[in-house]
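K.L.:
Sequence first, then the predicted structure:
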Amino acid sequence: MIDRQAFERFYGDSQPRLQSFVQRLCGARDVAEELVQEAYYRFLRSGFEGASDEERRRYLYRIAVNLVRARRVRTHEAREEAIEIDPAAAIDVNAALAKLSERDRGMLWLAYVEEYSHREIAEVMGVAALSVRVLLSRARKRFVALMEER
């Protein structure tokens, strides 16, 4: 079991990025906050030790992905509330991302924001490691197509 001081450090380091990831997946800030807290609760309850903070973080992300999948937040109002559009921006990346599936958003986020390897993405998203390259390629193509619509 991770001790209190180690958990506080781990929480401080991982919470902002996990919050952004979950919010990107589910589209609603309030729902994301609830799911992130539930993810930490389940993480602590599991007793998972992990060899490193990175391993613990991947496990925590896996818990969060499973919670988002179980919740299936798909309401239009929630997405509209979560998307903050800058009128001066020439390209609205948030709107394009909001049109992608939960899996595509998650995979793109893990690959390009978290800079996870294909193996790590497979572990977090619950897909076969050999499938990640193809799934990421398809997600990128869908994202580019949505960006070109604008």
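P.N.:
Arrived safely.

K.L.:
Please report how far the residue lying closest to residue 60 once chain neighbours are set aside lies from residue 4.
P.N.:
The shortest distance from residue 60 to any non-neighbouring residue, by C-beta to C-beta, 6 or more residues apart in numbering, is to residue 43 (5.1 Å). Every C-beta, even on glycine, is put in place using the N, C-alpha and C of the backbone. According to C-beta to C-beta, to the nearest Å, residue 43 stands 14 Å off from residue 4.

K.L.:
what about these two, which has more around it?
P.N.:
residue 43 (23 against 8; other C-beta atoms under 10 Å).

K.L.:
Enumerate the positions of the helix ranked longest in the chain that are buried.
P.N.:
Longest helix in the chain by number of residues (criterion: DSSP state H): helix 4-26. Going by neighbour count (16 or more other C-beta atoms under 10 Å), the buried part of helix 4-26 is 10, 14, 18, 19, 21, 22, 23, 24, 25, 26.

K.L.:
repeat for stretch 98-118
P.N.:
Under 16+ other C-beta under 10 Å, the buried positions of stretch 98-118 are 98, 100, 102-111, 114, 116, 118.

K.L.:
next one: stretch 134-150
P.N.:
For stretch 134-150, by 16+ other C-beta under 10 Å, it's 135, 136, 139, 142, 143, 146.

K.L.:
where do the helices sit along this protein?
P.N.:
With DSSP H as the criterion, the chain has helices spanning 4-26, 29-46, 53-71, 76-82, 93-99, 102-112, 118-125, 132-149.

K.L.:
Lowest average pLDDT across these?
P.N.:
Note on the helices of the chain: helix 76-82 shows the lowest mean pLDDT, a mean of 47.

K.L.:
how far is stretch 92-106 from where the chain is centred?
P.N.:
11 Å (C-alpha atoms, centre = their mean, to the nearest Å).

K.L.:
Would you mind measuring the gap between the ends of that stretch?
P.N.:
Start and end residues of stretch 92-106 are separated by 18 Å (C-alpha to C-alpha, to the nearest Å).

K.L.:
Alright, that wraps it up for me.
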